[in-house]
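1. coords please:
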Amino acid sequence: MDIKNLYASYEALKQSENPYDIIFDFKEELLSSDSDEFLDFHYLILQDKDLSDQLRGTLKSFFYSEVVNNRNKEVVSSFLYQKYTSGIEDISLRADVIQLLGNLRSKHAKEVALENIALPKADLRYRSIIVLGWIGTKIDLKVLNERLLTDRDPQLRGYAATAMRQIWFNHPKSKEEILKHIKEAIPEEKEEKALQGMIITVQELLKKKLGLKESKYGDITGDIEASKVKAIAALEAY
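-> Below you'll find the model as predicted:
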């Protein structure tokens, strides 16, 4: 497969009435090489404004695919990190690269997340919070706690809590510190989106039913105010 054939396959994918009928054939071609020209092409199509969000998301996921992938992940990681360090003006693309480095569990992922986790653009903070949850350790709880206490976006305050939960999944000894941080944050928190993340995390770590339910898709239901009262009481009693 050469790059000209790959371009032709991509155009056929875009012109198809149902691109998902042929997308996995295209995937096999796209991931057949980790040469600079193939990786540059993959990076370029993430910026194609003619793609639907769904199709772009699928093509983006091919960067870290575990199947039908002949690429060396270290090569891909280094390529994306080089793009990042060269400067990415498009905020959405920069956010995608941050998350892709996390998906790849790149050695550069934490550095990049920490550089972006307190920046003004919410999407950069959001992706950085997610990545730090995936690859962070107990030492990174301090940074997430800053987001938990001070982020201007209540949803991101909630995500900071669930990122702490993700760290706990990988590092169970972080439990005490996570509960301490949420115990400090939750009494003054008024926003539902922030409280959801905090309460769900407390429920998980304490193995207590506090009134909220989380679906496998991440949807959270239940009486927030009643659950907040129960969560505070559970933290005080712990």
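2. from now on I want contacts and neighbour counts done on CA atoms only, so please keep to that.
-> Noted.
3. mind listing what's buried in stretch 177-185?
-> Within stretch 177-185, the residues that qualify as buried are 178-179, 181-183, 185, counting by 16 or more other Cα atoms under 10 Å.
4. make that stretch 206-217, sorry
-> In stretch 206-217, counting by 16+ other Cα under 10 Å, buried: 210-213.
5. these in strands, which ones?
-> residue 213 (DSSP state E).
6. the longest helix along the chain - contacts with which helices or strands?
-> Longest helix in the chain, counting residues (DSSP state H): helix 154-170. Packed against helix 154-170, as judged by 3 or more Cα pairs under 8 Å, 6 or more residues apart in numbering; DSSP states H and E, are the following elements: helix 122-135, helix 141-150, helix 175-185, helix 192-206.
7. and the first one, what does it pack onto?
-> Right, the one you point to is helix 122-135. In terms of contacts (3+ Cα pairs under 8 Å, 6+ apart), helix 122-135 is packed against helix 91-103, helix 109-116, helix 154-170.
8. buried set for the first one?
-> It stands for helix 91-103. Within helix 91-103, judged by 16+ other Cα under 10 Å, the buried ones are 93-103.
9. phi, psi of residue 221?
-> Main-chain torsions, residue 221, degrees, to the nearest 10: phi -130, psi 160.
10. from residue 209, how far off is it?
-> Separation of residue 221 from residue 209 (Cα to Cα, to the nearest Å) stands at 13 Å.
11. and for residue 61?
-> Relative to residue 209, residue 61 is positioned 35 Å away (Cα to Cα).
12. ok, residue 100 next?
-> 34 Å.
13. and for residue 27?
-> With distances defined as Cα to Cα, the gap from residue 27 to residue 209 amounts to 43 Å.
14. in this structure, which residue is closest to the centre?
-> The centre of the chain sits closest to residue 130, judged by Cα atoms, centre = their mean, with a distance of 3.9 Å.
15. make sure residue 126 is actually in contact with residue 156.
-> Yes - applying Cα atoms under 8 Å as the test, residue 126 and residue 156 come out as touching, 6.3 Å apart.
16. how many residues are close by residue 196?
-> Counted with other Cα atoms under 10 Å, residues neighbouring residue 196 total 28.
17. re earlier: excluding chain neighbours, what is closest to the residue nearest to the centre of the chain?
-> Nearest residue to residue 130, sequence neighbours excluded (Cα to Cα, 6 or more residues apart in numbering): residue 163, at 6.1 Å.
18. the one you found contacts residue 129, doesn't it?
-> Yes - proximity of residue 163 to residue 129 meets the contact threshold set by Cα under 8 Å, at 6.5 Å.
19. between these two, what contacts are shared?
-> Counting by Cα atoms under 8 Å, 6 or more residues apart in numbering, the common neighbours of residue 163 and residue 129 are residue 144.
20. which one of those two has more residues nearby?
-> For the pair residue 163 and residue 129, the greater number of neighbours falls to residue 129 (29 against 25), based on other Cα under 10 Å.
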